[in-house]
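>>> sequence and predicted structure, then a few things I'm wondering about:
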Amino acid sequence: METKNILIENAVIVADRIKKGSLLIENDKIVEINDKIVANNVDDVINAEKKVLIPGLVNTHTHLSMSLMRGLADDLPLDTWLNDHIWPVEANLNGEHCYAGALLACAEMIKSGTTCFNDMYFFMDSVAKAADEAGIRGMLSHGMIDLGDEDKRKAEFKETKRIIEKCHDTADGRIKVSFGPHSPYTCSEELLEGVRKEADKYGLKIHIHASETQKEVEDVLEAHRKRPFEYLDEIGLLGEDVLAAHAVWLSDNEMEIIKERGVKLSHNPSSNMKLASGISPVSKLLEKGICVSLGTDGAASNNSLDLFEEMKTAALLQKVHTLDPTVLNAHEVFEMATINGAAALGLENGIGTIEVGKKADIVLVDMKTPSLTPFRNPVSHLVYSANGADVDTVICNGEMLMKNRELQTIDEASVISLAEEASQDLLSKS
Ligand SMILES: [Zn+2]
């Protein structure tokens, strides 16, 4: 294979120390970080003067194709929103819709500095196709829901296995597949136990929603006489390979279970605020040494996929929740969106920090704008002052996905019209 090199010069590099310097990419990896790098046969040289170089952000809870439902139903409680608005529309979804929605979401994520996502939805081979074309990294799971129905349960395992066989470890290893039991209230005990067995057999991760609302806790208590994480632990589902999204309503005992089992969490503050679900005790969880990452949830309940917005929201929400401005500082929240996200997906050896030997998943943020001046404290600016539109350049797996805000792998205008058409078609059927 032909070697491909990219040299980035004069960047402010946010690594273990923040320092001005250069970084060399060879194929898919970072091979050198230094004050100055002399390299021969470089294919692309980027002068990153007044730009901050950070790891690509990791969004650990998404439903990419739901981008087609952005703005469809706002200002409603979760159960009304799901039962009366989202599920009826989702009943008419097909692979083309999911492809168009996922491609739109990839464009939005790349334009706002995200290079890796963790997605649960339907027609996941269409999502894989979009992610492959976009050049982004992702972990995909088919959202399994059986509501106690045995035939439905069998169909969900069949579809999950189809997606594993077709998509796992494809696109130069950028795309992985996991098991996606939707939640303790939409999945039967049999389904959840089956997922644990199969996930062990395949050596794949488990992505689930848990303890999102008070109503969920009440329903699970009524059905199983245990709170959601207690119940999931009792049936043996929990382990280091489980990533649970939301984790809003947690008892002290549940926090101990999460820590004990090494469960990873995805905090989704905007979605939790918009649906008035509640506030996850993130600062307490981090204090206990639990891995808490950051997610946007779907664009129908956020309504954006901008992780810069999510970082700021996470920090502010936790401060007002605890009435303590010192909790969840900029550095901690930046880690949630980078290395914690990588660790939540078991990818911490490959991505999540800027280090020699790691994959070249790199974002350059333009600091030469009024809202980021004076250029003083990069991490503070990234969390409190920047937004996705300040992202200038995005590289994933050594491939240029955006340069000077111009998408390289996706034709932005065609993706927008494709998504408009798919959204119209979906709504006309519903
Ligand atoms: Zn979700």
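Thanks, I have it.
>>> quick check: Gly239 touching Glu260?
No: taking Cβ atoms under 8 Å as the definition, Gly239 is not a contact partner of Glu260, at 10.4 Å. C-beta: built from backbone N, CA, C; applies to glycine.
>>> for those two, indicate the residue with more neighbours.
A direct count of neighbours by other Cβ atoms under 10 Å for Gly239 and Glu260 places Gly239 higher, at 15 against 10.
>>> helix, strand, or coil at the more buried one?
coil (DSSP: H, G, I helix; E, B strand; the rest coil).
>>> contacts only, for it.
Residues counted as contacts of Gly239 (Cβ atoms under 8 Å, 6 or more residues apart in numbering) are 196, 206, 261-263.
>>> mind pulling up the pLDDT for it?
We note a pLDDT of 98 for Gly239 in this prediction.
>>> likewise for the one 10 residues further on?
The predicted local confidence for Trp249 comes out at a pLDDT of 98.
>>> count of residues packed around it?
Other residues close to Trp249 by other Cβ under 10 Å number 23.
>>> next up, the contacts around it.
211-214, 216-217, 278.
>>> helix/strand/coil for it?
Going by three-state DSSP, the state assigned to Trp249 is coil.
>>> for it, phi and psi?
When read as degrees, to the nearest 10, the backbone of Trp249 gives phi -100, psi 100.
>>> same check, this time on Leu364
phi -110, psi 130.
>>> grab the nearest non-local neighbour of it.
Nearest non-adjacent residue to Leu364, counting by Cβ to Cβ, 6 or more residues apart in numbering: Thr393, 4.0 Å away.
>>> pretty sure that neighbour contacts Val363?
Yes: if you go by Cβ under 8 Å, Thr393 and Val363 touch, sitting 7.1 Å apart.
>>> ok, which stretches of the stretch 101-250 of the chain are helices?
Applying DSSP state H, counting those that start in this stretch to the stretch 101-250 of the chain gives helices spanning 124-134, 150-167, 189-202, 214-224, 228-234.
>>> contacts only, for Arg227.
211, 217, 220-221, 251, 253-254.
>>> and the two most separated of the residues you listed?
Val220 and Asn253 (14.0 Å; Cβ to Cβ).
>>> more neighbours: the two, which one.
Val220 (22 against 13).
>>> relative to Thr170, how far out is the nearest residue to that one once chain neighbours are set aside?
Distances taken as Cβ to Cβ, 6+ apart put Pro228 closest to Val220, at 4.8 Å, once the chain neighbours are dropped. Distance of Pro228 to Thr170, given as Cβ to Cβ, to the nearest Å: 33 Å.
>>> likewise for Glu309?
31 Å.
>>> next: Gly194.
25 Å.
>>> more neighbours, those two?
More crowded of Gly194 and Thr170, by other Cβ under 10 Å: Gly194, with 21 against 16.
>>> might one say that the more buried one is in contact with Glu156?
No: in this structure, Gly194 is not within contact of Glu156 by Cβ under 8 Å, at 9.1 Å.
>>> thought Met311 was touching Thr338?
No: Met311 is beyond contact range of Thr338, at 9.8 Å (criterion: Cβ under 8 Å).
>>> doesn't Leu140 make contact with Leu345?
No: Leu345 lies out of contact with Leu140 (Cβ under 8 Å); the separation is 11.3 Å.
>>> ok, the residue nearest to Val365 when sequence neighbours are not counted - contacts?
Nearest residue to Val365, sequence neighbours excluded (Cβ to Cβ, 6+ apart): Val52, at 4.7 Å. Going by Cβ under 8 Å, 6+ apart, Val52 touches 11-14, 364-365, 367, 378, 381-382.
>>> pLDDT of stretch 365-382, averaged?
94.
>>> just how off-centre is that stretch within its chain?
24 Å (Cα atoms, centre = their mean, to the nearest Å).
>>> and the contacts of it?
The set of residues external to stretch 365-382 that reach it, using Cβ under 8 Å, 6+ apart, is 12, 14, 18, 50-52, 54, 113, 308, 311, 330-331, 334, 385-386, 390-392.
>>> again, only using 7 Å
12, 14, 18, 50-52, 54, 113, 330-331, 334, 385-386, 390-392 (Cβ atoms under 7 Å, 6 or more residues apart in numbering).
>>> gap between the two ends of that stretch?
8 Å (Cα to Cα, to the nearest Å).
>>> what would the contacts of Val52 look like in a markdown table with distance to Thr322?
Supplementary listing: the contacts of Val52 in a markdown table, determined by distance: Cβ to Cβ, whole Å:
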| residue | distance to Thr322 |
| --- | --- |
| Ala11 | 35 |
| Val12 | 31 |
| Ile13 | 32 |
| Val14 | 27 |
| Leu364 | 34 |
| Val365 | 29 |
| Met367 | 31 |
| Pro378 | 26 |
| His381 | 24 |
| Leu382 | 22 |
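>>> could these go into a markdown table alongside neighbour count?
Below are the contacts of Val52 laid out as a markdown table (neighbours: other Cβ atoms under 10 Å):
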| residue | neighbour count |
| --- | --- |
| Ala11 | 26 |
| Val12 | 20 |
| Ile13 | 22 |
| Val14 | 21 |
| Leu364 | 25 |
| Val365 | 26 |
| Met367 | 23 |
| Pro378 | 21 |
| His381 | 20 |
| Leu382 | 26 |
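>>> in strands, which of those residues appear?
11-14, 364-365 (DSSP state E).
>>> Asp79: what's it in contact with?
Lys215.
>>> ok, back up a step: quickly find the element holding the residue nearest to Leu364.
Using DSSP states H and E, the element containing Thr393 is strand 391-396.
>>> quick one: Lys264 and Ala344 touch, right?
Yes: between Lys264 and Ala344 there is a contact at 4.0 Å, judged by Cβ atoms under 7 Å.
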